[in-house]
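Quick one, structure for this:
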Amino acid sequence: MYAVTGSSRQLAVGPVALVSLLTATGLATITTYEENPSLYIQLAVTVSLLVGFIQVGMGLLRLGFLVSFMSHAVIGGFTGGAAILIGISQAKHLLGYDVPKSHSIQEYLEGIFSNIGKLHWQTLLFSLLWLGLLIGSKLAGKRWKRLKLLKAMGPLIVTVLGTFLTYVARLDRHAGLKIVGDIPDGLPKASASYALGRSGDLLTTALIISFVGFLESIAIAQAIAKKHGYKVDSNQELIGLGSANLIGSLFQSYPTTGGFSRTAINNEAGAQTPLASILSAFVILLTLLVLTPLFHYLPKSVLGAIVVSAVASLVDLAEAQSLYRVSKFDFAVWLAAFMGVLLLGVEMGVGVAIVVSLLIVIYKVSRPKTAVLGKIPGHRVFRDITQYPQGELHEGVLVFRMDAPLFFANAQYFRDKVDESEDALWCAFNQRAGAGDGKMTLGGVVHFVVLEMAPMATIDATGAHVLHEMAHDYKARGVQLVLANPNRGSLAVLERAGVIDEVGREWVFFRAHEAVAACRAALKGLEAPTAAPSMACAAALAEQAAAAGGDLEAGAADRGNCRQCTVLEGPTLDAITAVKMVPHRS
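Alright, predicted model coming up:
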């Protein structure tokens, strides 16, 4: 069903260890298989039904965007950690003795080494043989184009060879190799046997499985899709996984999702389209009906070797090295997700990955980039002085920009950074004055704070409140807040919040250039240039620019006029003489 409705070309959907564990844990609070087999099966099938409805509903509501909170570094770390756990879980098949099931690498290693005396050396030797054949087929397929098919056929060759050798030499008897044994044949019967009366008790389990299963599936789907140069649709993935669970519940299936090892094997086999999954389904059906006796002598060490060989490619250390070179922060995120899965298990690792992703989002939106802007000589543009050291700072005027919307999460940070920049500018000009004739210049005090608002796509009530407070506090100190280049939506919010009235309509400009020109003219005791457009013409200029298909920079704002007026009055000396000029710092 997923092959028809999903968007990944390689994802193989079926029972996976994590979802099986979550299902068993959830059902254990109601009953166990030993206590009531019939009820237990009904509950498991009901969980599958609920998971299907939840995932399809999420897909139809377009909630797949939730996966966007999982950064690339998080998904890479989670995938690598899960691949190692799955690989090491095959130790019991490769070493020939039982290893207790665990959820973390330290527990697995403890189980392996505490029982190392039980090592079955014949099983280990054959396991190394199978792994050698699988690795050799991969290398040969990569090196010689004529043997390209050998890479995809490796698992099949090893399966046939292992089964044949075991049957002919009776390795299960003479060498002690563990084999698959009898496999029940026939198809599962269609039955809508649900325990709908217990849906309330199963809802929490279904919600957890829906989300965790989706994350596990989308993580491996995205990782594989990246290798093949295409993208998966998270909403379509939800619909595909949900449909598979809905239809599966009709055939007594418990919840399924996209599996790491199964998908890795499918990818290593050379799958390029969903047709591979459909063909696999037909082969499984044929096997259940006719071929199950042929797999009786299949060594479990062969299965373990195939899984280890397949998941090994999912541990992308080259990606980790690249992240380390490009961004130490992203590397730390990758490492946190990777170690979280290894040390805490896949289930807790998913939680760690989600928490890490959310912390990244919260940190970045609450600590956006800010900059003090300087005028580029010979131009009318202002740029970050840390990127353009040649930018000119004007005495008495601070031009500040924050590259993010202004809202509750970063509003206080925004004000703190403005204050820090004001202090830094005050110190810089006074140091320069001290290096000269020792006289205090007008630049020793910041009289105008110009906010370049172009990057502020939106402003919420908290952001507007902070701007209102800043304007009020500045006015009490003899400092004028000036707004440059706010968009129409932000202007509407500021208007309703009373910020425009507090700032003064004559102190709202289309561009930082006009704003600074007006401030400098005011400081010199001169009238500002009449070409400085103020907010009085905002609506008309915006309409003209939109009609022209351009922006205000290239439209009427460049000329400082619109069709409704030919001269726009900027702030005059009278506009600021009422403001008492007092030093900002004593």
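
Output the contacting helices and strands for whichever helix in the chain runs longest.
Counting residues, the longest helix found in the chain (DSSP state H) is helix 199-228. Secondary structure elements in contact with helix 199-228, counted by 3 or more Cβ pairs under 8 Å, 6 or more residues apart in numbering; DSSP states H and E, are helix 17-28, helix 37-60, helix 72-88, helix 234-249, strand 257-258, helix 260-268, helix 346-366. The way it works is simple: take the backbone N, C-alpha and C, and place the C-beta from them, glycine included.

what's in contact with whichever helix or strand comes after the last one?
It refers to helix 346-366. Using DSSP states H and E, the helix or strand that directly follows helix 346-366 along the chain is strand 370-375. Strand 370-375 is contacted from outside by 381-388, 390-394, 398-403, 414, 417, 421, 424-425, 452, 512-513, 516, using Cβ atoms under 8 Å, 6 or more residues apart in numbering.

can you pull the contacts of residue 515?
Neighbours of residue 515 in contact, by Cβ under 8 Å, 6+ apart: 399, 450, 482, 483, 484, 507, 509, 532.

Endpoint to endpoint, stretch 310-324 covers what distance?
Using Cα to Cα, to the nearest Å, the end-to-end distance of stretch 310-324 comes to 26 Å.

For that stretch, list every residue counted as buried.
For stretch 310-324, the neighbour count (16 or more other Cβ atoms under 10 Å) marks 310, 311, 312, 314, 315, 316, 319, 320, 323 as buried.

From those residues, which land in helices?
Using DSSP H, those in helices are 310, 311, 312, 319, 320, 323.

if we can go back for a sec, need the max-distance pair from the buried residues of stretch 310-324.
Across the buried residues of stretch 310-324, the longest distance by Cβ to Cβ is 23.8 Å; it joins 310 and 323.

In this structure, where is pLDDT below threshold?
17-18, 21, 25, 67-70, 346-347, 350, 428-444, 526-586 (pLDDT under 70).

So residue 446: helix, strand or coil?
coil (DSSP: H, G, I helix; E, B strand; the rest coil).

check contacts around it.
396, 397, 398, 422, 425, 426, 479, 584.

at 6 Å what do you get?
398, 422, 425, 426, 584 (Cβ atoms under 6 Å, 6 or more residues apart in numbering).

about what we covered before: can you mark which positions in the longest helix of the chain are buried?
Neighbour count says helix 199-228 has 202, 205-206, 208-226 buried, by 16+ other Cβ under 10 Å.

again with stretch 451-464
For stretch 451-464, a neighbour-count test (16+ other Cβ under 10 Å) marks 451, 452, 453, 456, 459, 463, 464 as buried.

Narrow these to those in strands?
Among these, DSSP state E puts 451, 452 in strands.

any chance of the buried residues of stretch 451-464 in a markdown table, with distance to residue 26 too?
Formatted as a markdown table, these follow (distance: Cβ to Cβ, whole Å):
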| residue | distance to residue 26 |
| --- | --- |
| 451 | 53 |
| 452 | 54 |
| 453 | 51 |
| 456 | 46 |
| 459 | 45 |
| 463 | 44 |
| 464 | 47 |
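
what's the closest of the buried residues of stretch 451-464 to residue 73?
Nearest member of these to residue 73, counting by Cβ to Cβ, is residue 456, at 28.1 Å.

which non-adjacent residue is nearest that closest one?
residue 406 (5.0 Å; Cβ to Cβ, 6 or more residues apart in numbering).

That neighbour reaches residue 463, doesn't it?
Yes: taking contacts as Cβ atoms under 6 Å, residue 406 lies within contact range of residue 463: 3.5 Å.

Between these two, which contacts overlap?
With Cβ under 6 Å, 6+ apart, residue 406 and residue 463 have no common neighbours.

any idea which of the helices and strands packed on helix 199-228 is most buried?
Among the helices and strands packed on helix 199-228, strand 257-258 has the highest mean neighbour count (mean count of other Cβ atoms under 10 Å), at a mean of 28.

Distance of residue 408 relative to residue 235?
29 Å (Cβ to Cβ, to the nearest Å).

ugh, wrong one, residue 89
On the measure of Cβ to Cβ, residue 89 and residue 235 end up 32 Å apart.

Give me the neighbour count for residue 149.
Neighbour count for residue 149, taken as other Cβ atoms under 10 Å: 11.

gap between it and residue 141?
7 Å.

go on, residue 370?
Distance, residue 370 to residue 141, by Cβ to Cβ: 53 Å.

just curious, which of the buried residues of stretch 310-324 is nearest to residue 39?
residue 311 (35.5 Å).

mind listing what the nearest residue to the closest one once chain neighbours are set aside touches?
Nearest-residue entry for residue 311: residue 83, 4.1 Å, with adjacent residues in sequence omitted and distances by Cβ to Cβ, 6+ apart. Neighbour list for residue 83: 311, 314, 315 [criterion: Cβ under 6 Å, 6+ apart].

For the second one, list the residues it contacts.
Looking back up the chat, that one is residue 314. 79, 83, 264.

can I assume the last one is in contact with residue 309?
To tie it back to what came earlier, the one meant is residue 264. No: judged on Cβ under 6 Å, residue 264 makes no contact with residue 309 at a distance of 8.7 Å.

any idea whether residue 186 is helix, strand or coil?
Residue 186 is classified as coil under three-state DSSP.

Any idea how many residues pack against it?
Residue 186, neighbours per other Cβ under 10 Å, totals 8.

try residue 407
19.

gap between it and residue 365?
8 Å.

How about residue 499?
Distance from residue 499 to residue 365, by Cβ to Cβ: 22 Å.

now do residue 457
Taking Cβ to Cβ, one finds residue 457 at 12 Å from residue 365.
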